[in-house]
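> Okay, sequence plus prediction incoming.
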Amino acid sequence: MKQIVLYIYFLLFLVPLRAQVKFEQERKIAQQVVPDTAQKVVNEISTGSRIKWYQEQRLDGISYEAKYTLNGRRYSVEFNHEGELEDVEIELKWKEVPLSAAKAMEAHFDSAYLKHRLRKVQEQLSGSLSAIQEHWERRSETKSDGADEGANSAVRASNTINKVLLRYEVVVQVRTAEGAALHEVLFDEQGQMLQTATILLRNTDNLVY
Amino acid sequence: MAQGSFELGVLPAVNINRKFDQGWSLNMKVESRAMLRQPAVDQENIWDPDYVLTDFILLGSRKVGLAHSVAAGYVFRWRPGDNAHRSVQQFTFVQPLTGVRLAHRISTDQTFSEQEPPVFRLRYRLVAEWPLSGQELDPREPYLKLGNEYLQAWQATSADLEIRAIPTLGYAFNDNNKVELGLDYRINSFVNGATEQTLWTAVQWFLTW
């Protein structure tokens, strides 16, 4: 019954906002209501950054998300309702994306759209916390240069051994035959497209009139 | 030195928007003004509630990009004893950033009435909107909006600059139904002549379908 009520709720309120992909609504919450295990993880990795906690209501239940900025880079750490780590998203600069993956993604954009402009790119990492941390330490050694193929290969090999699933989430402003749109495209580690969704922009009437 | 004036009033408005295919939309707005405190002849400012005017606004708009729109329309100003007609042209664009949306509006208008020379205005307005519980504005979420507008007006041989500051609290019942309560502070004639200041309490309902 709860699932049916939730489904109707999402259908009424959320589907019109962001069709096809994300059935979620986030609310800012106090740290105290977050499961202890999740708090402990974030306190450990955020090294004193100001953390903002959100509760997300999704079709499959509740999740918790911590967002913080460390050394000028935005991090987002997501947990399930029991406080178990689900994934970590780290905002990247485009030049930090390994060159081979970036080329594959660009090739996809060139073939799918008349014009495109990159708006945001994130690494999405799933796996154990220690494996994700090791991945990020290795990535940092590439000195923000996605063109270092040797270092990129080492990172990929390490990810395979440590069972880290790496994906890239790219928000891109595009022009198609139907007009302008904002797309969120998910790529695998090699830059092969996995999923594309249109982000429906929120109503701006109260901003322009 | 000329003595300035300070007026206080209320500004209720209903803002209705209808979306059509191909990025076309229609904006219909009715906004009234009632003065509560205003200058009296040979006296200090006094409390004197008084109806001032009602604007009936009709704007046709078309999207010209992902978040860019052009609009043009007509305003009928119903004012006891002196109605006015205004033509309006505007260009707007909205920047959705992380946790905030910025909206820029550049507009021109021309006002004609029987008792006054025509008024020509050039306006720029910047509005920032922050959701108060999360990074994107979701249904049943309050938000804060801060606006700042500069209006340069020319009438016959005179010119004047008006500056507005508009802090507002809003509540989104859903993406297409919002109410706002805020202040609209206006100051003009501060370069030459007696400074005029007006503080409006603005209440506005935005409805889109």
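On my side now, so go ahead. Residues are numbered from 1 along each chain as shown, chains lettered A, B, ... in the order given.
> Can you classify the closest residue to chain B within chain A by secondary structure?
Closest approach of chain A to chain B (Cβ to the nearest Cβ) occurs at A:Leu207, with a separation of 3.6 Å. From N, CA and C alone the C-beta is placed, and that goes for glycine too. Applying DSSP: H, G, I helix; E, B strand; the rest coil to A:Leu207 yields a three-state assignment of helix.
> wait, it sits on B:Arg101?
Yes - using Cβ atoms under 8 Å, A:Leu207 is in contact with B:Arg101, at 6.4 Å.
> roughly how far apart are the residue positioned nearest the centre of chain A and A:Gln195?
Nearest to the geometric centre of chain A sits A:Glu89, at 4.6 Å (Cα atoms, centre = their mean). Using Cβ to Cβ, to the nearest Å, one gets 15 Å for the distance from A:Glu89 to A:Gln195.
> Could you tell me which residues touch both of A:Leu207 and B:Arg101?
Both A:Leu207 and B:Arg101 are contacted by B:94, B:129, under the criterion Cβ atoms under 8 Å, 6 or more residues apart in numbering or on different chains.
> CA-only coordinates of stretch A:55-66 in CSV, if you can.
Taking C-alpha atoms only, stretch A:55-66 is exported to CSV below (Å, rounded to 0.1, in the frame of the first residue of the first chain):
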residue,chain,number,x,y,z
GLN,A,55,17.2,13.0,2.6
GLU,A,56,16.0,11.8,-0.7
GLN,A,57,12.6,10.3,-1.3
ARG,A,58,12.9,7.8,-4.2
LEU,A,59,10.6,5.3,-5.6
ASP,A,60,12.6,2.5,-3.9
GLY,A,61,12.7,4.2,-0.6
ILE,A,62,14.6,6.8,1.4
SER,A,63,18.3,7.6,1.0
TYR,A,64,20.7,10.0,2.6
GLU,A,65,23.1,12.3,0.8
ALA,A,66,26.0,14.4,2.1
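> contacts for that stretch?
Among residues not part of stretch A:55-66, those counted as contacts by Cβ under 8 Å, 6+ apart are A:6-7, A:10, A:23-27, A:29, A:33-35, A:38, A:42, A:46, A:51-54, A:75-81, A:83, A:86.
> Go through that stretch and flag the buried ones.
Within stretch A:55-66, the residues that qualify as buried are A:55-58, A:63-66, counting by 16 or more other Cβ atoms under 10 Å in any protein chain shown.
> hmm, back to that, list the contacts of the residue of chain A closest to chain B.
Residues B:92, B:94, B:101, B:103, B:127, B:129, B:145 are the ones in contact with A:Leu207 under the rule Cβ under 8 Å, 6+ apart.
> cutoff 10 Å now
Taking Cβ atoms under 10 Å, 6 or more residues apart in numbering or on different chains as the definition of contact, the neighbours of A:Leu207 are B:67, B:92, B:94, B:101-105, B:125, B:127-129, B:145, B:147, B:206.
> likewise B:Leu132?
If a contact means Cβ under 10 Å, 6+ apart, then B:Leu132 has A:28, B:141-144, B:169-171 as its contacts.
> Please pick the buried ones from those residues.
With neighbours counted by 16+ other Cβ under 10 Å, the contacts of B:Leu132 contain buried members at B:141, B:143, B:170.
> how about the host helix or strand of B:Glu7, does it reach chain A?
Assigned by DSSP states H and E, B:Glu7 falls within strand B:5-19. Yes - using Cβ under 10 Å from any Cβ of the partner chain, strand B:5-19 reaches chain A at B:13, B:15-17, B:19.
> Just want the most central residue of chain B.
Note: chain B centre (Cα atoms, centre = their mean) maps to B:Asp184, 8.4 Å.
> Partner strands of the helix or strand harbouring that residue and their direction?
Using DSSP H and E, B:Asp184 sits within strand B:177-188. Within its sheet, and counting by DSSP bridges, strand B:177-188 is paired with strand B:158-174 (antiparallel), strand B:196-208 (antiparallel).
> if we can go back for a sec, quick check: the residue nearest to the centre of chain A is in a helix.
No - for A:Glu89, which was evaluated using three-state DSSP, the result is strand, with no helix membership.
> How much space separates it from B:Leu8?
Going from A:Glu89 to B:Leu8 by Cβ to Cβ gives 49 Å.
> Over to A:Val34?
Counting by Cβ to Cβ, the gap from A:Val34 to B:Leu8 is 46 Å.
> Which one of these two is surrounded by more residues?
For the pair A:Val34 and B:Leu8, the greater number of neighbours falls to A:Val34 (21 against 15), based on other Cβ atoms under 10 Å in any protein chain shown.
> Keep only the contacts of stretch A:55-66 that also lie close to chain B.
Counting by Cβ under 10 Å from any Cβ, the subset of the contacts of stretch A:55-66 that neighbours chain B consists of A:24-27, A:29, A:52, A:54, A:76.
> Wasn't B:Glu136 part of a helix?
No - applying three-state DSSP, one finds B:Glu136 to be coil, outside a helix.
> Please point out which parts of stretch B:89-103 sit buried.
Neighbour-count burial for stretch B:89-103, with 16+ other Cβ under 10 Å as criterion, is recorded at B:90, B:92-94, B:96, B:101, B:103.
> Likewise for stretch A:188-202?
Of the residues in stretch A:188-202, those buried by neighbour count under the rule 16+ other Cβ under 10 Å are A:189, A:191, A:193, A:196, A:199, A:201-202.
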